[in-house]
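**Q** structure for the following, please:
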Amino acid sequence: MVTTVQKVAFGILVTCLGIGGLLLLSTGWWLPEVNGATRSLGFCWLLVCIATGFIWRKPYWQLAAAWLWFFASGWWWWTTTAEKSLEWFLYQDMFPVAVLVCSHFVVLFRKPHAGRQSGQSRSRS
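**A** Presented below is the predicted three-dimensional model:
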């Protein structure tokens, strides 16, 4: 069952992915003449979009993809900007940060399935 917190986090996550994708379109990350950091940022964004389609069945895959996009955006920021401050990083990479936070909310507020035993291991006889 999906909680209200998960629904809100998922809505913010999808919105941030959409806006981030529109901004990535301006970089031309798929073109052969762009640098490696920009290309990896675009591929990681695409990976997060694909993993988000499976977020309710495999939330940890989406969380791992979100972390990968966050690290790729940090690498892109470090190699393409002269300003190396936390404020500038958060300004330029607010969408990967928001996606990462929302992914954590989806995973943390996940309820265990009814068929699973929570916290108990099955004994073999």
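
**Q** the host helix or strand of Ala9 - what's its average pLDDT?
**A** Assigned by DSSP states H and E, Ala9 falls within helix 4-25. Helix 4-25 carries an average pLDDT of 92.

**Q** ok, now stretch 100-117?
**A** 78.

**Q** kindly report the same for stretch 57-65.
**A** The pLDDT scores in stretch 57-65 average 92.

**Q** now for the helix holding Ala9, which elements pack on it?
**A** helix 36-52, helix 94-108 (3 or more Cβ pairs under 8 Å, 6 or more residues apart in numbering; DSSP states H and E). Yep, even glycine has a C-beta here, placed from its N, CA and C like the rest.

**Q** mind listing residues that contact it?
**A** Contact partners of helix 4-25, identified using Cβ atoms under 8 Å, 6 or more residues apart in numbering, comprise 41-42, 45, 48-49, 52, 55, 95-96, 98-99, 102-103, 105-106, 109-110.

**Q** and the nearest residue to Thr52 once chain neighbours are set aside, how close does it get to Leu90?
**A** In space, and not counting its chain neighbours, Thr52 is closest to Gln62: 5.6 Å by Cβ to Cβ, 6 or more residues apart in numbering. Separation of Gln62 from Leu90 (Cβ to Cβ, to the nearest Å): 22 Å.

**Q** okay, now Gly53: neighbour count?
**A** Using other Cβ atoms under 10 Å, Gly53 is surrounded by 10 other residues.
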